[in-house]
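Here is my input; please provide its structure:
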Amino acid sequence: MHTVVCIKQVPDSAQIRVHPVTNTIMRQGVPTIINPYDLFALEAALELRDKFGGETTVLTMGPPSAEDSLRKALTFGADRAILLTDRCFAGADTLATTYALATAIRKIGKEYGPPDLIFTGKQTIDGDTAQVGPGIAKRLNAMQLTYVSKIQTVDLAARTIEAERRSEGGVQVLRTRLPCLITMLEATNQIRRGAMRDALRAARSPIEKWNAHNAGVEDISKCGLKGSPTVVKRVFAPSARAQKAVLVEAAEQPERALIDEIFRHQPKLEAELAASARDS
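Below is the predicted model:
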């Protein structure tokens, strides 16, 4: 089994800053980490590799400093790490990012064998769009299972996978064919503590670095800022609410009086609930 895990090096959200003019994240001088959601994806891929054999390839797109995150992934037990880095990738939104990553995954398939499963985290903590995973699946014409909480079975002979997916209505159990892209939910597993041999291997293993040409990118205009139609109009922190919280003692009032008291403090709530009841 060949699994590919897409990770991202992100700024530590506790120290993140936004440029006041360009409305973009200021990464200079901010410590970076592996996107926490991607660690759940990496562990899921490693568990399947341990069970079925094969290899796990970790892929990221970013500046040369993203090599640190790839080496960290190698310490957890990943077999191979590839860094997609080129000046033309700078400023990419999710559309341009999925184009570059999907192109690189096709190249990985040619070099090391087609991937059976592609893993990503459900989203990143810097963009929070949750669009990259599904975008890669669309470009690769692969099946996708999003917000997966558990992989139940994988049948390599029948080329199928069955997984649990969380939805607003509860939990769905879905089966689809391979190859498939999976976005993993948080708290579905715990990243392993890497073995000493993996740490030593990560320290000396070369990180494959692909520019646009090496990755097989045919249309540079679809990469980076040129290929990014997304425009951030404004980034701002929510203003503090002037209204203070009100403590309502439920034990001292009958149920109807308690509801009336809540509606008195939230006059729009009653109308919203009535409208929701009519629509349903």
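
got the domain boundaries for this structure?
2-222, 250-279 (automatic domain parsing).

For these, which has the smallest mean pLDDT value?
For the domains of the chain, mean pLDDT drops lowest on domain 250-279, to a mean of 77.

so of the domains of the chain, which one's packed in deepest?
Highest mean neighbour count of the domains of the chain: domain 2-222, a mean of 18 (counted as mean count of other Cβ atoms under 10 Å). (Each C-beta comes from the backbone N, C-alpha and C, glycine too.)

how far away is T124 from I108?
Here the criterion is Cβ to Cβ, to the nearest Å. By it, T124 lies 21 Å from I108.

one step back: make JSON lines out of the domains of the chain and add distance to S239.
What follows is these, written out as JSON lines (distance: least, Cβ to Cβ, whole Å):
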{"stretch": "domain 2-222", "distance to S239": "16"}
{"stretch": "domain 250-279", "distance to S239": "18"}
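
got the contact list for R201?
By Cβ atoms under 8 Å, 6 or more residues apart in numbering, R201 lies in contact with L74.

whoops, I mixed them up, R175
160-163.

Go through these and say which is closest to E218.
The shortest approach to E218 among the contacts of R175 belongs to I161, at 30.7 Å (Cβ to Cβ).

quick one: which two of the contacts of R175 are the most distant?
T160 and A163, at 10.5 Å, using Cβ to Cβ across these.

in the stretch 151-280 of the chain, which spans are helices?
196-204, 212-215, 255-265, 267-279 (DSSP state H, counting those that start in this stretch).

hmm, who's touching the last one?
Taking Cβ under 8 Å, 6+ apart as the criterion, the residues outside helix 267-279 that touch it are 262-263.
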